[in-house]
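A.B. asks: build the 3D model from these lines:
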Amino acid sequence: MRINKPALAIVAASTFALAACSDQRSGTPGNVDAPGPGTPVVEAANHAADDTGRNVRDRSGETVTPLDQSNDPADIALTQRIRRGITADDSLSVEARNVKVIAQGGAVILRGPVKTETEKASIESLAKSAGASSVDSQLEIDRDGAPGAKE
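C.D. replies: Alright, predicted model coming up:
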């Protein structure tokens, strides 16, 4: 039997990497989410990563989400034009490039955080120029983790 040494080295390295991911504190393999006792928890500076309020709002059923996107070909094409325009704009932040675009009957709903008032205005304008009959902007300025903060 012939052994492929490079392949064996990859398998060995992968095995050791998986073993290193095992949570030694709880004995549960791969459980790296929960820190053990005495382990310091490091939070991101000046940014609350807790979106619980937004998630509850979205689960209520009263808020329009991307699952409410119309399957009408014209609405799909409209959403596609807006999304392409957003992703092509290099001046937009990562947050702004990930806003939700939902089209229903030619009307567009924009949801999500943006960094500045300028980004908000730019995305709203893009949606109008893409052919939306109306734009309901629910974009929130989210600078430094503070939703709704003004520029």
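A.B. asks: helices or strands up against the helix or strand harbouring residue 96?
C.D. replies: If you go by DSSP states H and E, residue 96 is part of helix 94-97. Using 3 or more C-beta pairs under 8 Å, 6 or more residues apart in numbering; DSSP states H and E as the contact test, the elements touching helix 94-97 are helix 73-88, strand 107-114, helix 117-129. Glycine gets a C-beta too; all of them are placed from N, C-alpha and C.
A.B. asks: and the second one, what does it pack onto?
C.D. replies: Using 3+ C-beta pairs under 8 Å, 6+ apart as the contact criterion, the secondary-structure elements in contact with strand 107-114 are helix 73-88, helix 94-97, strand 100-104, helix 117-129, strand 134-143.
A.B. asks: so which of these gets nearest residue 110?
C.D. replies: For these, distance to residue 110 was read as C-beta to C-beta. The smallest value, 5.0 Å, belongs to strand 134-143.
A.B. asks: then that closest one to PDB, C-alphas only?
C.D. replies: What follows is strand 134-143, C-alpha atoms only, in PDB (Å, rounded to 0.1, in the frame of the first residue of the first chain):
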ATOM      1  CA  SER A 134     -43.100  54.700  -4.300                       C
ATOM      2  CA  VAL A 135     -40.300  54.200  -1.800                       C
ATOM      3  CA  ASP A 136     -41.000  53.500   1.900                       C
ATOM      4  CA  SER A 137     -37.700  54.200   3.500                       C
ATOM      5  CA  GLN A 138     -37.300  52.500   6.900                       C
ATOM      6  CA  LEU A 139     -33.500  52.900   6.800                       C
ATOM      7  CA  GLU A 140     -31.900  53.700  10.100                       C
ATOM      8  CA  ILE A 141     -28.700  55.600  10.700                       C
ATOM      9  CA  ASP A 142     -26.500  53.300  12.700                       C
ATOM     10  CA  ARG A 143     -23.300  55.000  13.500                       C
END
